[in-house]
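Q: sequence below, structure please.
(3 chains)
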Amino acid sequence: MMTATKVKERSLLGLKDLDSSEIEQLLERTSHWDNQSQKLTPVLESRFVSNMFFENSTRTRFSFEMAEKRLGAQVLNFTAAASSVEKGESIYDTVRTLESMGIDAGVIRLKPAGVLEQLAEKVAIPLINAGDGNNEHPTQALLDMYTMTKHFGALKGLKVSIIGDILHSRVARSNLWGLTKMGAQVQFCAPENMKAPELAAYAPYVSMEEAMQADVVMMLRVQLERHASGILQSAEEYRRQFGLTEERASKLSAGTIIMHPAPVNRNVEIDDAVVECSQSRIFPQMSNGVPVRMAVLERALL
Amino acid sequence: MMTATKVKERSLLGLKDLDSSEIEQLLERTSHWDNQSQKLTPVLESRFVSNMFFENSTRTRFSFEMAEKRLGAQVLNFTAAASSVEKGESIYDTVRTLESMGIDAGVIRLKPAGVLEQLAEKVAIPLINAGDGNNEHPTQALLDMYTMTKHFGALKGLKVSIIGDILHSRVARSNLWGLTKMGAQVQFCAPENMKAPELAAYAPYVSMEEAMQADVVMMLRVQLERHASGILQSAEEYRRQFGLTEERASKLSAGTIIMHPAPVNRNVEIDDAVVECSQSRIFPQMSNGVPVRMAVLERALL
Amino acid sequence: MMTATKVKERSLLGLKDLDSSEIEQLLERTSHWDNQSQKLTPVLESRFVSNMFFENSTRTRFSFEMAEKRLGAQVLNFTAAASSVEKGESIYDTVRTLESMGIDAGVIRLKPAGVLEQLAEKVAIPLINAGDGNNEHPTQALLDMYTMTKHFGALKGLKVSIIGDILHSRVARSNLWGLTKMGAQVQFCAPENMKAPELAAYAPYVSMEEAMQADVVMMLRVQLERHASGILQSAEEYRRQFGLTEERASKLSAGTIIMHPAPVNRNVEIDDAVVECSQSRIFPQMSNGVPVRMAVLERALL
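A: Coordinates of the predicted model:
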């Protein structure tokens, strides 16, 4: 069995706690897997990995499953919807149960704040954060950073604008921690009620006009579900003020790339025609998610 | 990467666009896999296939998964119920996403008319139709045709009655296109409000009495869900007029076989006792679905 | 194809019909797999096993899937929630369908009484009971018995108290049949309206005080769902009268072990602090479930 320290080193809870050399190593291994011509490299053949999704996400679960299967791992999917969590069982008990049954690593996505950190203290297998409340989503930020590296050659000195609901965004947070460690400069743009005040010390809030002046324009997904609760005036209004409309996109510098963690709300935070325009990296981001997760799994298990 | 033409040739969107020699070849390969004594032949070991079900179906998904696993493919299941399609993401974005992540082929089932055809224009991987609205369901028709071939030796000259809700049936359409190409003769029997007028040019509508005079009597599933909307007077009444009752079954010629795409509504379109009678091929149809899908997957990927 | 008798011998429907030598053999093979250092032993590589869950259970499905994958089997999951059972198809038709498609064994969990036994008469593949209404849950009892054997060396002469809703518990029944066959002595403790009168001939009902005097104290899960229907006065009241509170646990003999089939309702039938105390075997039970199921699968398929 691994020592507790070793387990923690192999877990990936967030980018806040990694140093730049660890990030660099992950990006290098991502590049290795990205350039692998063979799709299947069964180095994890006798390892059992469970995707434990207490919060739904097709895209992220699918991306992890591709990564796991490309490495030949045995994959067991768990989703809360079809589970005894419905009958009141806690996330903790579920994770401990799956651990007891012999999984070697867990990919976990969940909503409640602080639970992932507590879990990582209590279990003896590496945990990989696949979305942790409003806290971090490190593999998303790594794939964003890899996408930028692939396009610009390096992260150092890049100016990255992150636009949208910063307050509730784990993607914004993980990118902030990761990008600044790697020498990039982050700026936010958000409606007043979607600003996270505690992040202002690390990245300035700028106007939409200023935000467009950047190497990377990263649009965040609007949580339309929040609409009812009044946080979002209207999709139309949001688009007008904070959307990457065709008009705004047409004025971007030719060297600027457009990113989005997806799934997109077409014609809300980003116009339909912009999603697959030549400056968009939205689908390449998804492609890059697989080798990123292979690198993270390899670090957890090899 | 395959050329666009190549990809299209490897897709299976419907039988309407195949010629008889292509159908024949698929039936021959079906026979090959049907007669294979080994269950596992891992020729697709490094290929990643996704079952993308935007419309539920246990049976069809399971049958494809058996076929994929018998060929050793890496299988990733996606169902809309547990997915971000719920949060408004379009089918198009989902399929493009999974494609970006590196799947080699997609098996797809969906409801909205015309979407599959558009998708096939836009993606660069082979797509296999596992049920396309009211349009086609080619693997179902292929397994029906294989079942007939196995029993009668050939399709040419067979008389096939298809009975039930022709209007909404993709099974009826795929069988019509496939069977007529192979020289069989199709006739329909349906309540007035379940007739598809545009198909009358290809197959006559006959009475229930005439429909019973055939080599194959294929009963379609009644969509009991439509009951409420008034299209279906009552299950009792439907059975009396268009059901394969024990009485009707007892008068069939000894050489006639009974088919149904399943799942059956026992005692609605077909009587309980008829489902597993000696002339019924309903469970053999399900068995035959697996080698048919192996042949289709092999065509898509090898 | 196997003969009908052979198939039945390979099925595991319950412990009531096994004799002690068969149970012993299963426990021996469990020990073999439990002590296997390799996680993956692909002896079932070309066998197709379907987990057919007509009743939800994360834990049990996951445990079987681990066991199947540790033996290298091809696994196909089926759950009723995402299936055509919703459109009125019977359990029988579903199981016969999956059998037709070529699975080699089925792990099945279902609610309606008597259906499993009928199924086993009609299908030609081994069936493994993963929870059968209020009747039996044999792999749970086997893992309980294995856990006891591991701790005490043997089952003969042990005194086992089973506490809770005996009336509705398949776990209680399977343990009763299994343990008594192996020479252990079972006693029950239950609220008046949760007693199963027909079991009184096999095991006495005792008071909570007496129940605490045993080698094994096995707490059953309270079905909080039944609360509404009035069978359960209140969770508080239940805990006071029949819960393994910290106070009761502190008075147990040092040699007594605490068990629970999980998932637990913390602070209802068992106190939070007791779940992971040194005398608890609750998480080890879960670990033991995997080798037990490997032994059962091996018996079904090799």
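Q: immediately after the one helix or strand A:Asp144 maps to, which helix or strand?
A: Using DSSP states H and E, A:Asp144 falls within helix A:138-152. Counting by DSSP H and E, the next helix or strand C-terminal to helix A:138-152 is strand A:159-163.
Q: chain center to that following strand, what's the gap?
A: 15 Å (Cα atoms, centre = their mean, to the nearest Å).
Q: could you do stretch A:53-62 as well?
A: With Cα atoms, centre = their mean, you get 12 Å for stretch A:53-62.
Q: could I get the CA-only coordinates of that stretch as PDB?
A: Once non-C-alpha atoms are left out, stretch A:53-62 reads as follows in PDB (Å, rounded to 0.1, in the frame of the first residue of the first chain):
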ATOM      1  CA  PHE A  53     -20.000  11.300 -10.700                       C
ATOM      2  CA  PHE A  54     -22.200  12.800  -8.000                       C
ATOM      3  CA  GLU A  55     -22.900  15.600 -10.400                       C
ATOM      4  CA  ASN A  56     -23.800  14.900 -14.000                       C
ATOM      5  CA  SER A  57     -21.500  15.700 -16.900                       C
ATOM      6  CA  THR A  58     -21.400  13.700 -20.200                       C
ATOM      7  CA  ARG A  59     -18.500  15.400 -21.600                       C
ATOM      8  CA  THR A  60     -16.100  15.200 -18.600                       C
ATOM      9  CA  ARG A  61     -17.000  11.600 -17.800                       C
ATOM     10  CA  PHE A  62     -16.700  10.600 -21.400                       C
END
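Q: sorry, back to before: just the CA coordinates of the helix holding A:Asp144, formatted as CSV?
A: What follows is helix A:138-152, C-alpha atoms only, in CSV (Å, rounded to 0.1, in the frame of the first residue of the first chain):
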residue,chain,number,x,y,z
PRO,A,138,-8.0,21.2,-12.6
THR,A,139,-8.1,18.9,-15.7
GLN,A,140,-10.2,21.5,-17.5
ALA,A,141,-7.6,24.2,-16.7
LEU,A,142,-4.8,21.8,-17.8
LEU,A,143,-6.4,21.2,-21.1
ASP,A,144,-7.0,24.9,-21.5
MET,A,145,-3.3,25.5,-20.8
TYR,A,146,-2.2,22.8,-23.1
THR,A,147,-4.4,24.2,-25.8
MET,A,148,-2.7,27.6,-25.3
THR,A,149,0.7,26.1,-25.2
LYS,A,150,0.1,24.2,-28.4
HIS,A,151,-1.0,27.4,-30.2
PHE,A,152,1.4,30.0,-28.7
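Q: check which residues of it are buried.
A: A:138-149, A:152 (16 or more other Cβ atoms under 10 Å in any protein chain shown). Any C-beta I mention is one placed from the backbone N, CA and C, and that applies to glycine too.
Q: can you redo those as CSV with distance to chain C and pLDDT?
A: Below are the buried residues of helix A:138-152 laid out as CSV (distance: Cβ to the nearest Cβ, whole Å; pLDDT from 0 to 100):
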residue, distance to chain C, pLDDT
A:Pro138, 26, 98
A:Thr139, 23, 98
A:Gln140, 26, 98
A:Ala141, 30, 98
A:Leu142, 28, 98
A:Leu143, 28, 98
A:Asp144, 32, 98
A:Met145, 34, 98
A:Tyr146, 31, 98
A:Thr147, 34, 98
A:Met148, 38, 98
A:Thr149, 36, 98
A:Phe152, 42, 98
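Q: make a markdown table from these and add distance to chain B to it.
A: A markdown table is the format used below for the buried residues of helix A:138-152 (distance: Cβ to the nearest Cβ, whole Å):
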| residue | distance to chain B |
| --- | --- |
| A:Pro138 | 18 |
| A:Thr139 | 13 |
| A:Gln140 | 14 |
| A:Ala141 | 18 |
| A:Leu142 | 15 |
| A:Leu143 | 11 |
| A:Asp144 | 15 |
| A:Met145 | 18 |
| A:Tyr146 | 14 |
| A:Thr147 | 12 |
| A:Met148 | 17 |
| A:Thr149 | 18 |
| A:Phe152 | 21 |
